[in-house]
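>>> the following block contains a protein sequence and its predicted model.
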Amino acid sequence: MPELPEVETVRRVLLSIIPRSPILDIRILTPKILQNVTPDEFCTRLTGEVLEDIQRRGKYLILLYTHEVLVSHLRMEGRYQFEENLEPTKHDHILFVWQEGILAYHDTRKFGTMHLFRREEDIWKMNPLQKLGPEPMDEIMSVSYLKKCFQKRKRAIKSTLLDQTIMSGLGNIYVDEILFRARIHPLRPASSLNDEEITQIISHSSSVLQEAIACGGTTIRTFAIGTIHGRFQHELQIHGKNECPICHTTIKKIVVGGRGTYHCKNCQCIDKSPSL
DNA sequence: CAGGTCTCCTGCTAGC
DNA sequence: TGCTAGCAGGAGACCT
């Protein structure tokens, strides 16, 4: 499933393959993907537009066209595929048509979303971007910032790190990896973390994401984004594993905030006393 | 405001 | 072999 590193990879690939010519036509096969505009409005406003740039914030793709901004979230299984001659299948929902070919938004579970804004609108003050917190590698990310966020939160650190309004970009798999590297139990109340542990979280969040971005960029086929296979899955230490790579204890899978959560009960102690 | 639960959706799998 | 119930999960809605 696409998380920040995958979205960043998609951003780079889309930048390289989307034609810099006017969109000739748009076909909406599944209207529910569109969040804040009608299908008619979406087609009218984007037809004739030319892509200028693509940005990313957290897991959102931000496509800047001449007069419009398309904000796309891939959720679980969303992906884009560009082909010269594309015959839509049952999971293709939105088609962007150029002289040079067709870009299809493909999403088996239809969880993905698209928002459309005008360039003059301040998208950072509107949903869904307005509530996003800083990314782990942003300058304003600091121990004092997170400490303040964690202060009144008694909920599990795992759930807290998945909250995109506090820190954006982390998904289920990466949070497990970060907490394992930081040796923090996923059920620890966020408010119980000390400065040293928060420092560890920031540093591992940043390094896990950057390693994953570096891996994601290596195995892309530039002609079809639907077939990205990142290398980072081979670097996972805890998520989906059976045995702890450090102490060889059997890894526990529990449910935290409704999310499958892997941790080593030996290396990631529930109380603060060091277990190594 | 914090936080828990439900919802969306469909492919996959465990169990019969 | 074939069927079905249940599960997975990001983020927003809704309730306490």
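Arrived safely, thanks for sending.
>>> near DNA strand C at all, the longest helix anywhere in chain A?
Longest helix in chain A by number of residues, with DSSP state H as the criterion: helix A:195-216. No. Using C-beta under 7 Å from any atom of the strand, helix A:195-216 stays clear of DNA strand C, with a minimum separation of 13.7 Å. No exception for glycine: its C-beta is placed from N, CA and C like everyone else's.
>>> mind checking the SS state of the residue of chain A found nearest DNA strand C?
Ranking the residues of chain A by distance to DNA strand C (C-beta to the nearest atom of the strand) places residue A:260 first, at 3.1 Å. The three-state label given to residue A:260 by DSSP: H, G, I helix; E, B strand; the rest coil is strand.
>>> before we move on, back to that, next, the buried residues of the longest helix of chain A.
Using 16 or more other C-beta atoms under 10 Å as the test for burial, helix A:195-216 gives A:197-198, A:200-202, A:204-206, A:208-209, A:212-213, A:215-216.
>>> show me which residues of chain A are close to DNA strand B?
So far as C-beta under 7 Å from any atom of the strand goes, chain A lies against DNA strand B at A:32, A:90-91, A:108-111, A:152-156, A:159-160, A:257-258.
>>> list the contacts for the residue of chain A closest to DNA strand C?
Counting by C-beta atoms under 8 Å, 6 or more residues apart in numbering, residue A:260 touches A:172, A:253.
>>> can you check residue A:132 too?
Applying C-beta under 8 Å, 6+ apart to residue A:132 gives the contacts A:57-58, A:60, A:164-165, A:168.
>>> could you find the closest non-adjacent residue to it?
Of all residues not flanking residue A:132 in the chain, residue A:168 sits nearest, at 4.4 Å (C-beta to C-beta, 6 or more residues apart in numbering).
>>> element containing the one you found, please.
Following DSSP states H and E, there is no helix or strand that holds residue A:168.
>>> ok, it touching residue A:7?
No. In this structure, residue A:168 is not within contact of residue A:7 by C-beta atoms under 8 Å, at 10.9 Å.
>>> between those two, who's got more neighbours?
Per other C-beta atoms under 10 Å, whichever of residue A:168 and residue A:7 has more neighbours is residue A:7, with 24 against 20.
>>> element containing that one?
Assessed by DSSP H and E, residue A:7 sits inside helix A:4-17.
>>> now the next helix or strand after that helix, how far from the centre of its chain.
The helix or strand immediately downstream of helix A:4-17 is strand A:25-28, counting by DSSP H and E. Centroid displacement of strand A:25-28 relative to its chain, using C-alpha atoms, centre = their mean, to the nearest Å, is 26 Å.
>>> give me the next element, helix or strand, following strand A:25-28.
Next helix or strand after strand A:25-28 toward the C-terminus (DSSP H and E): helix A:39-46.
>>> report the mean confidence score over that next one.
The pLDDT scores in helix A:39-46 average 97.
>>> which intervals of the stretch 151-276 of chain A have sub-threshold pLDDT?
A:217-230, A:272-276 (pLDDT under 70).
>>> so which bits of it are right by DNA strand C?
By the rule C-beta under 7 Å from any atom of the strand, the part of the stretch 151-276 of chain A lying against DNA strand C is A:162, A:164, A:171-173, A:255, A:258-260.
>>> still on that earlier bit, same for the longest helix of chain A, what does it pack against?
Applying 3 or more C-beta pairs under 8 Å, 6 or more residues apart in numbering; DSSP states H and E, we find helix A:195-216 packed against helix A:4-17, helix A:143-151, helix A:157-162, helix A:172-181.
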